[in-house]
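K.L.:
give me a model of this one.
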Amino acid sequence: MKFIIILFTLVSIIKPQSIENKLIEMPAIFSDNMVLQQNTNVSFWGKADPGENVSVSSSWEETANTKVNEDSIWQTKLKTGKAGGPYEVTIQIGDSTIKYQNVMLGEVWLCSGQSNMEMPLEGWPPQAMVQNYAEEIKEANYPEIRLFTVSRAVSNKPEFNCAGTWSECNPKIVANFSASAYFFGRELYKKLNVPIGLVVSSWGGTKIQSWISRKYLNQLDEYKPIIGKIDSAGPIIEKLNSWIQTHPTIDVGEKNPNERWENLDFYDSICSRTNFDDGAWKTMGLPTLWEATEVGDFDGVVWFRKKIEIPQNWINKNLTLNLGPIDDMDRSYVNGVLVGSTEEQGYYNTPRIYSIPAELVTDSVLTIAVRVLDNGGGGGLWGNRTEMEIHLQTDTTKKISLSGSWKYLPVAEYANNKFYIYKVRGEEFYSRPKSTITIGPNTPTMLYNGMISPIIPYAIKGAIWYQGESNSDYPFDYNNYKVLFPLMIKNWRADWEEGNFPFYYVQIAPFAYGIKSKSYVIREAQLLTLSVPNTGMAVTLDIGNVDNIHPADKQDVGKRLALWALAKNYGEDVVYSGPLYRAMKIEGNKIILSFDHADGGLVLKEINGKNNFEVAGTDSNFVNAEVRVDGDNLVISNSKLKNPIAVRYAWSNTAEATLFNKAGLPASTFKTYDWNK
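P.N.:
Prediction:
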């Protein structure tokens, strides 16, 4: 669950249903409990045998008919009325019938992005929690809010289907549903009193280029080489996927998410034994994320083994095993006996410190075996070398380092809530087909193919988006996000064929990203994207956490996104934006800034004596500014500058909001100049 999640290898494969030996496949986005967009023509589509007659009928007395095309695809549109329900939808394909029950008509929103959109209402303990989560979950009984989460999936080509199902909103379901999306939907529901459908398609740590289609990304010269490599790698990718699909599986999709990873068996009794022959296993230098090794971009289960020699005076003594942080989960054995485990999500940054009881320490040689389960992104024992050590519980002065060479073997690959199990004997993983290109969630186009394509053209009112943190650490091009973000919006709108549907997004929050990051440039790119028609931006400069990439206040995130929708799409008279920089003029030794959305006047605050405004003179060097509020304007100056030429605000990774309107909404990061500084 790291901020920078690396890559994922298995292409999503959804097998069609077989009804009476006929081809019948309906996308998972259609299920009981779904919400269909009200007062429009909603698309239904599927696969069936060519030439079959298809009829879609509803209990609100609308019907649509079509025939299956030669490519086995059919699609039609069904008219919907005003919000209400529950209804039934019946699909007749030849002499086969599919019926969907408890269907509502209402407002449907797509919710996408990276980890701050993916972050569930119960959070990721122990470090990333949603504020007041326990009470929020307890009170989340809204049967007319319906929730659908697209399961993580990547693909080198647009997929027809995904994994997921619609559910009514209740405490059990919402605990693991996107907090930002839920609070957005709840705000709409309380204001509009109509059914709300929320479709979440998100993946933590992902870059925006993963969410853009081949057709659109290939319009940019810098991406044409990687698109060409993806195209040419198609046959070997298909071979690899076919090979993976032949293996036995452990399906954890139906398990309680809080217990999903517990007590699974991946050859534990075999690989933890002291006398197990790991001579054919390869070696890996630890600590490291295995993505940085020849294992590459792999999600699943990897065994690590190491034999160490301890002093004679440690025998029959209690020891402490320190493995450092492990991404994501582990079961750790000494001499074949489990000494500790961490099998919950969210502890990727927590050092594993386990006690070794004296009765296991019967010889001067110990066999340590660690089974690491990684369900997304970086995996492995990844901390500092000094953290990996073993010592007497009663004496920490002498430690034996555990860093360095370990034997390892991947034994299971994880995708679509399933583990595909490889053979330990023969070290099967080492001989699997090798792809000529990385296929993972940060490979361009892969998430569009696996997680957006399968839900197009399900009718939506609009989309909300929370992403950008991962692009702040990308090998940086000042114009990169400024081009990619509007391109993605254009891409999705074109493919849905519903015009310029509303697209509202979150400006990323302050955080100590690191010296190489330029998150403030991403924030500016997001500000500039407001020039795209029918877009809106929720600013979070005042509700972030500079020490946590996953801020706890998701309530205000959802509410601020909802304000845009309520004002722009549902006719509510609400203030929906904080101050947005409009123009500047120079008057002597002062600069006058004017703003849109001042809404009754500007409010300036200070944080630790700073207002986070800077001003530059003709030498282009910025210094702290003196700021005075003048109604809807700001007067900027510095007593040492006679000829100021430019201003910038909140221009750092960690700068927080100091400028607000009377409604309490913060201003966005901005600068008044075009040159790079």
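K.L.:
may I have the secondary structure class of residue 180?
P.N.:
Under DSSP: H, G, I helix; E, B strand; the rest coil, the three-state class of residue 180 is helix.
K.L.:
my read: it touches residue 557, true?
P.N.:
Yes. In this structure, residue 180 is within contact of residue 557 by CB atoms under 8 Å, at 4.9 Å. Quick note: C-beta positions are derived from backbone N, CA and C, even for glycine.
K.L.:
give me the pLDDT value at residue 473.
P.N.:
For residue 473, the model assigns a pLDDT of 75.
K.L.:
mind listing what it touches?
P.N.:
The contact partners of residue 473, by CB atoms under 8 Å, 6 or more residues apart in numbering, come to 4, 513, 514, 516, 517.
K.L.:
same thing but at 10 Å, please
P.N.:
With contacts taken as CB atoms under 10 Å, 6 or more residues apart in numbering, residue 473 has the following neighbours: 3, 4, 207, 513, 514, 516, 517, 518, 519, 522.
K.L.:
quick one: which of the residues you listed has the most company?
P.N.:
Among those, the one with the most neighbours (other CB atoms under 10 Å) is residue 522, at 29 neighbours.
K.L.:
wait, is that residue part of a helix?
P.N.:
Yes. The assignment for residue 522 is a helix, going by three-state DSSP.
K.L.:
check contacts around it.
P.N.:
The neighbourhood of residue 522, defined by CB under 10 Å, 6+ apart, consists of 208, 467-474, 476, 480-482, 485, 507-508, 513, 653, 669.
K.L.:
bridged to residue 308, which residues?
P.N.:
Beta-bridge partners for residue 308, by DSSP bridges, are residue 366.
K.L.:
so it makes contact with residue 405?
P.N.:
No. Here residue 308 lies out of contact with residue 405, judged by CB atoms under 10 Å, at a distance of 11.3 Å.
K.L.:
neighbour count: the two, which is higher?
P.N.:
With other CB under 10 Å as the criterion, residue 308 and residue 405 differ in neighbour count, and residue 308 comes out ahead with 14 against 10.
K.L.:
Provide a list of residues in contact with the more buried one.
P.N.:
For residue 308, the contacting residues are 334, 364, 365, 366, 367, 368, 390, 400, 401, 402, by CB under 10 Å, 6+ apart.
K.L.:
could you do residue 551 as well?
P.N.:
Going by CB under 10 Å, 6+ apart, the list of residues near residue 551 reads 116, 119, 128, 130-131, 509-511, 540, 543-545, 557.
K.L.:
what's around residue 493, how many residues?
P.N.:
For residue 493, the number of neighbouring residues by other CB under 10 Å comes to 18.
K.L.:
isn't it right next to residue 463, touching?
P.N.:
Yes. Using CB under 10 Å, residue 493 makes contact with residue 463 at a distance of 9.0 Å.
K.L.:
shared neighbours of the two, anything?
P.N.:
Going by CB under 10 Å, 6+ apart, residues that sit against residue 493 and also against residue 463 are 501, 503.
K.L.:
of the contacts of residue 308, select the buried ones using a ChimeraX command.
P.N.:
The following ChimeraX line selects those of those that are buried, judged by 16 or more other CB atoms under 10 Å:
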select :334,366,367,368,390,402
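K.L.:
out of the contacts of residue 308, who's nearest residue 380?
P.N.:
If you rank the contacts of residue 308 by distance to residue 380 using CB to CB, residue 402 comes first, at 13.6 Å.
K.L.:
so what's the closest one closest to, chain neighbours aside?
P.N.:
residue 388 (4.1 Å; CB to CB, 6 or more residues apart in numbering).
K.L.:
for the one you found, give me the pLDDT.
P.N.:
98.
K.L.:
could you look up the SS state of residue 558?
P.N.:
Assigned with three-state DSSP, residue 558 falls in the helix class.
K.L.:
do I have it right that it meets residue 190?
P.N.:
No. Assessed by CB under 10 Å, residue 558 is found out of contact with residue 190, at 11.3 Å.
K.L.:
higher neighbour count, the two?
P.N.:
Each of residue 558 and residue 190 had its neighbours counted (other CB under 10 Å), and the higher figure belongs to residue 558 (25 against 11).
K.L.:
could you find the closest non-adjacent residue to that one?
P.N.:
Nearest residue to residue 558 in three dimensions, chain neighbours excluded: residue 183, at 2.6 Å (CB to CB, 6+ apart).
K.L.:
what's the burial count for that neighbour?
P.N.:
Neighbourhood size, residue 183 [other CB under 10 Å]: 23.
K.L.:
got the contact list for residue 466?
P.N.:
Taking CB under 10 Å, 6+ apart as the contact definition, residue 466 lies against 111-119, 178, 180-181, 184, 202, 504-509, 538, 540, 554, 557, 561.
K.L.:
surely residue 169 and residue 176 touch.
P.N.:
No. Counting by CB under 10 Å, residue 169 sits too far from residue 176 to count as a contact (11.9 Å).
K.L.:
anything in contact with each of the two?
P.N.:
With contacts taken as CB under 10 Å, 6+ apart, the residues that reach both residue 169 and residue 176 are residue 147.
K.L.:
of these two, which one has the most company?
P.N.:
Summary of the neighbour comparison: residue 169 and residue 176, criterion other CB under 10 Å, with residue 169 having more neighbours (23 against 17).
K.L.:
helices along the stretch 251-400 of the chain, start to end?
P.N.:
If you assign secondary structure with DSSP state H, counting those that start in this stretch, the helices in the stretch 251-400 of the chain sit at 268-271.
K.L.:
show me where pLDDT drops low in the stretch 1-150 of the chain?
P.N.:
Low-confidence segments of the stretch 1-150 of the chain, defined by pLDDT under 70, span residues 1-21.
K.L.:
can you map out the strands along it?
P.N.:
Chain-ordered strands for the stretch 1-150 of the chain, with DSSP state E, counting those that start in this stretch as the definition, fall at 17-19, 22-25, 35-37, 41-48, 53-58, 63-67, 73-79, 84-93, 96-113, 142-149.
K.L.:
what domains does the record give for the chain?
P.N.:
Using automatic domain parsing, the domains assigned to the chain come out as 105-220+443-569, 250-431, 580-671.
K.L.:
that's all I had, so thanks and see you.
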